[in-house]
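Colleague: predicted model follows, preceded by the sequence.
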Amino acid sequence: MSVIGLCSCASGPKSVSLESSYTDNAVNNYYGLTENKSAENETTNNKHNEGVICGGSLRTENIISGGDSQLSVINFTQPEDSSNQEIPATNNEEPFEIPLPILPDEVIKTTVTESNMTHTEITKTANNESLLIIPSEEENRPEEVKNEIKQTSSTDQLVLKTDPQTVQNIPTHQVKPIFKTITNSAEPRKPLQNVSSSHTPEEAIANRANWEDFRDEHLLDGGDRKFPIHFDKYGYGGLETEDTFAEYTDHTGKTIVKPTNEVMIYSPRFGAVRTIHKPLAGVEIAKVAGSHRTERTGGMKKRIATSHHGQRVGTDRIRVRSRLSGLDYDSVLSGLSERTVVSENSRVNNTYVDLVTTYFGGFNQEDKAVLASGMQAAITWTRDDNPIISASTSAGMNIESVFILSELVGEEDQKTKGRLKIIKMADKKSAERGEIVKFTIHFTNLGDRELKNIRVIDNLTPRLEYISESASSELEGRLDVYDNGEGSLILTFEISEELKGHQSAKVTFDCRVK
Amino acid sequence: MKAIQTNLSGSIIIGMILLSNLNNTFAQNHVGTDRSYHLLNQNTPPGVASIWAGGTGKTIPGHFQQVKFILPSDGSVSLFHNNGASTQSHPAPFQVGIAVGYVYRFRIGQMKEYPNVELYPTVEFIDHTHPPQGEEGKFPVPVEITKKEIELALKGSMVTKIVYLEEPRTANVFPVLDGGRRDIKTIPMHKNLMREADKLGRPMAIIRIGGRQPDKFSNDIAFFAGNGPIRLPNRKID
């Protein structure tokens, strides 16, 4: 004999007999399983609440966990006014899918091990008879069940024996628990795997923090910080320290400015400020105000007494005077803002000497675009159904044409205009004060046309000191050095040669870290 | 009637002067021109700033920060353990890793410029650096005691110094002196030293040096208490 379900309701609701449960709400609720699906999911459960039919709801774990137990307990309960019972909102259990609106017969034969008897809260029951299964379903029940039910007296609990043979027919393929994945954005408090054992976990965490993000610990040079570099009628604009860019003219005569990447070298430098507390005036009184000693030998008497003894140690007055130094730091540094620095926080493509990347890193994508443009132009020119007159202002094409409808003669120049790619590199990732760092500015013409009047300009950061006579260039040109007024120099490499299409060149110079 | 008017006008003037002074004092101590509010200053008791730094997540308490003790010339730097019961002396300059969040009292002595002079400064770290892995010992934070500070301490003054990580873009504020040393700017006492350091960079450590000596006749636990762990540099073990 099998059981329908198991319920051990420890909280509140009274138990009813199995017979009455078939005719009362409990039975209805049992068959009203489908309608109770939503209520089932809203039920407050405990995680050990497996395999329970309680108050008309079915814990589908019954079907799975019902096993080979020989002894099972049925405890149908009827909640008090369950139709109006509020479902607690503290459902911490994972929801389960309710597989079928009508339980198969095998389910009825399912048993539940006694170890699965745990606390179950009352679920919301369906009292609406329209939700019930047609009575014919009851007729399909196995005879063993019906007989067992009829022979059972109206008790709160019914002890049934289970036939192990029937248990093996338990359908287990229709119940799939749904597990929610809890994704906590917890702080990654674990050491890196590649951290050596000599480091403490705290150090591992500290080192794992993107050390490149702490820009104030680095020496920065390159790029175009703050205001963009631009031209006006007076010359350059937006040229701040650290800025490095190239200025060139393409074959159309257009002047173009292109900044480099930013180079970061770990080189923290420390300073100190202090205050001095010094009392300007102090009076110390440490004396005995009065002391009298009487010592005489009048007969056999000896008297030693102190009539008054007082000590005063203190400072009557302390006056502190300080004068302003005359330096107004507020005005000097009023523009300094930590937020401004953080707002510019960006990962820097800190490319060190990696010429392979330099030569071939961006060529393919650029060439594809150019090639596509050329193909489009070629398609246009191969049309023969009607004459087309085409001219390009950007590519500088040389066209000869005869305006005869039957004949079109032209010459197409598919050369792309020159474009410069410029990369700045350093030969060190970190440098102490006094070390020499070699900077390399590598520039490549990605186009077919030549580039002229190339000038590479580097406004050195104040912590870099240019070492004279250290500059070199692969192309002919000259170097002009100007004072930037902020403690460093502006280096201007003027390249006199043309940079032909797909040609690369570089300039190098050395700086000492201050 | 005239006398009453005179007294009244005089009181108003005095009151305005007092109010203006009060306003200036408050502004200088708390809110700067950048509208930042600094609760900490040079008068904050030792240990408070480092505890706050750890509690607010600014730094990691217990993280070992490499520091370098620097004296004017020759001398020794001694660190204490067990509330001052044991001492470990090292010739200066001396580099060691000390934990962020603790107050360390150390002794400087055996200086050739100041024979028979021993001073007991303190240092606490409120932030740490993030060097590349494997280069932690390459960039220590300098804990430098200058000749002027020693002389001031011997005269009874109290010097509070904040070491800050310099903002690179304003790095030319204080020029570097010969020998790579930096000129230390002395801030007027009525100004907030923490805010001044914060304007120049990122405050890292607070150094206090005065003339206070431990009680030689008793175990002055309070004087030495607070020293945290240290991490000595790697050395060959025979």
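Modeller: Alright, I've got the coordinates. Numbering: from 1, shown residues only, chains lettered A, B, ... in the order given.

Colleague: could you pull out the helices for the stretch 351-500 of chain A?
Modeller: Secondary structure of the stretch 351-500 of chain A, counting by DSSP state H, counting those that start in this stretch: helices at A:355-360, A:363-381.

Colleague: would you single out the least confident of the ones you listed?
Modeller: Note on the helices of the stretch 351-500 of chain A: lowest mean pLDDT is at helix A:355-360, with a mean of 51.

Colleague: after the one helix or strand in chain B whose mean pLDDT sits lowest, which helix or strand is next?
Modeller: Lowest by mean pLDDT, DSSP states H and E among the helices and strands of chain B is helix B:2-29, with a mean of 52. Per DSSP states H and E, the first helix or strand lying C-terminal to helix B:2-29 is helix B:48-55.

Colleague: ok, now which ones touch the closest residue to residue A:490 other than its chain neighbours?
Modeller: Closest residue to residue A:490 apart from its sequence neighbours, by Cβ to Cβ, 6 or more residues apart in numbering or on different chains: residue A:482 at 4.3 Å. For the C-beta atoms, the positions are set from N, CA and C on the backbone; glycine is no exception. Going by Cβ atoms under 8 Å, 6 or more residues apart in numbering or on different chains, residue A:482 touches A:489, A:490, A:492.

Colleague: ok, of these, which one's closest to residue A:451?
Modeller: Distances from residue A:451 to these, taken as Cβ to Cβ, are shortest for residue A:492 (16.8 Å).

Colleague: my understanding was that the closest one contacts residue A:456; is that so?
Modeller: Yes. In this structure, residue A:492 is within contact of residue A:456 by Cβ atoms under 8 Å, at 7.4 Å.

Colleague: for those two, indicate the residue with more neighbours.
Modeller: Shown here are residue A:492 and residue A:456; by other Cβ atoms under 10 Å in any protein chain shown, residue A:456 has more neighbours (26 against 17).

Colleague: ok, and the closest non-adjacent residue to that one?
Modeller: Counting by Cβ to Cβ, 6+ apart, residue A:456 lies nearest to residue A:493, which is 4.2 Å off, once chain neighbours are set aside.

Colleague: residue B:152 now?
Modeller: With Cβ to Cβ, 6+ apart as the criterion, residue B:152 has its nearest non-adjacent residue at 5.4 Å, and that residue is residue B:159.

Colleague: give the contact list for the one you found.
Modeller: A:274, A:275, A:276, A:277, B:149, B:152, B:153, B:207, B:208, B:209, B:210.

Colleague: in strands, which of these fall?
Modeller: Counting by DSSP state E, the contacts of residue B:159 place A:274, A:275, A:276, A:277, B:207, B:208, B:209 in strands.

Colleague: tell me the contacts of the second one?
Modeller: Think residue A:275. Contacts of residue A:275 (Cβ under 8 Å, 6+ apart): B:42, B:159, B:160, B:186, B:187, B:188, B:189, B:191, B:193.

Colleague: how near is the residue nearest to residue A:456 to residue A:229?
Modeller: 16 Å (Cβ to Cβ, to the nearest Å).

Colleague: check residue B:74 too.
Modeller: Applying Cβ to Cβ to residue B:74 and residue A:229 gives a distance of 51 Å.

Colleague: tell me which of the two has more neighbours.
Modeller: residue A:229 (20 against 12).

Colleague: for that one, which non-adjacent residue is closest in space?
Modeller: The spatially closest residue to residue A:229, leaving aside those adjacent along the chain, is residue A:238, at 4.7 Å (Cβ to Cβ, 6+ apart).

Colleague: and that neighbour, what are its phi and psi?
Modeller: With angles defined as degrees, to the nearest 10, residue A:238 sits at phi 70, psi 20.

Colleague: wait, it touches residue A:225, no?
Modeller: No. Using Cβ under 8 Å, residue A:238 is not in contact with residue A:225, being 9.3 Å away.

Colleague: chain B: helices as residue ranges?
Modeller: B:2-29, B:48-55, B:147-154, B:193-200, B:221-224 (DSSP state H).

Colleague: okay, the shortest one in PDB with CA atoms only?
Modeller: Think helix B:221-224. Listed next in PDB are the C-alpha coordinates belonging to helix B:221-224 (Å, rounded to 0.1, in the frame of the first residue of the first chain):
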ATOM      1  CA  ILE B 221      54.400  51.200  28.300                       C
ATOM      2  CA  ALA B 222      52.300  54.000  27.100                       C
ATOM      3  CA  PHE B 223      55.300  55.600  25.500                       C
ATOM      4  CA  PHE B 224      56.100  52.600  23.400                       C
END
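
Colleague: outside of it itself, list whatever touches it.
Modeller: B:80, B:83, B:84, B:105, B:120, B:212, B:214, B:215.

Colleague: thinking again about what came up before, format the contacts of residue B:159 as JSON lines; extra columns: distance to residue B:130 and pLDDT.
Modeller: Listed next are those as JSON lines, based on distance: Cβ to Cβ, whole Å; pLDDT from 0 to 100:
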{"residue": "A:274", "distance to residue B:130": "26", "pLDDT": "91"}
{"residue": "A:275", "distance to residue B:130": "29", "pLDDT": "91"}
{"residue": "A:276", "distance to residue B:130": "32", "pLDDT": "90"}
{"residue": "A:277", "distance to residue B:130": "33", "pLDDT": "84"}
{"residue": "B:149", "distance to residue B:130": "29", "pLDDT": "91"}
{"residue": "B:152", "distance to residue B:130": "34", "pLDDT": "91"}
{"residue": "B:153", "distance to residue B:130": "33", "pLDDT": "92"}
{"residue": "B:207", "distance to residue B:130": "22", "pLDDT": "94"}
{"residue": "B:208", "distance to residue B:130": "26", "pLDDT": "93"}
{"residue": "B:209", "distance to residue B:130": "28", "pLDDT": "92"}
{"residue": "B:210", "distance to residue B:130": "32", "pLDDT": "89"}
